[in-house]
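**Student:** can't give you the sequence, but here's the structure:
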């Protein structure tokens, strides 16, 4: 996407904190309570998590994070596009940015956990477009009728 700027973000700005809150409320609205694995601001600031925001001029367009699971494996977290920017390539640009970060770190694969259902269909289509495939559960996740894990070998 033209004029999109992706930066490492410390989550101190009001706009990004609002987008994180929107993401969390969306996950709670579309997921069983025990299956919400989205991270609040405090956990996105933990060591091992690198958080990014995407901007067009002064407008916040999206966000995403990558968490190091081990020296060879990263996890995508908190991928979200701001409502005014849906369908304009922001999510794909963030995904490609996070994958470039993973490659630069030398990860052998990147994985994620997500839900099933209509609310998750656009994200799943994006991940599959870029080669992500279903995989066994990783980290502390448990696969069931709602949760699914995907991975991409780099």
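**Tutor:** Alright, I've got the coordinates. All figures in this text were calculated on a predicted structure; none of them were measured in a lab.

**Student:** which SSE is residue 110 in?
**Tutor:** strand 109-114 (DSSP states H and E).

**Student:** in the protein, which strand is the longest?
**Tutor:** The longest strand of the chain (DSSP state E) is strand 59-70.

**Student:** and that one, what's its mean pLDDT?
**Tutor:** For strand 59-70, the mean per-residue pLDDT is 98.

**Student:** and stretch 76-87, by the same measure?
**Tutor:** 97.

**Student:** picking up where we left off before, how about the longest strand of the chain: buried residues?
**Tutor:** Applying a neighbour-count criterion of 16 or more other CB atoms under 10 Å, one finds 60, 61, 62, 63, 64, 65, 66, 67, 68, 69 buried in strand 59-70. Backbone N, C-alpha and C define where each C-beta goes, glycine included.

**Student:** got JSON lines for the residues you listed, with distance to residue 109 too?
**Tutor:** Formatted as JSON lines, the buried residues of strand 59-70 follow (distance: CB to CB, whole Å):
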{"residue": "60", "distance to residue 109": "29"}
{"residue": "61", "distance to residue 109": "27"}
{"residue": "62", "distance to residue 109": "23"}
{"residue": "63", "distance to residue 109": "22"}
{"residue": "64", "distance to residue 109": "17"}
{"residue": "65", "distance to residue 109": "17"}
{"residue": "66", "distance to residue 109": "12"}
{"residue": "67", "distance to residue 109": "13"}
{"residue": "68", "distance to residue 109": "12"}
{"residue": "69", "distance to residue 109": "10"}
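
**Student:** roughly how far is stretch 40-50 from the heart of the chain?
**Tutor:** Computed by CA atoms, centre = their mean, to the nearest Å, the chain-centroid distance of stretch 40-50 equals 13 Å.

**Student:** stretch 81-99 too?
**Tutor:** The answer for stretch 81-99 is 10 Å, by CA atoms, centre = their mean.

**Student:** can you give me the end-to-end distance of it?
**Tutor:** End-to-end distance for stretch 81-99: 17 Å, by CA to CA, to the nearest Å.
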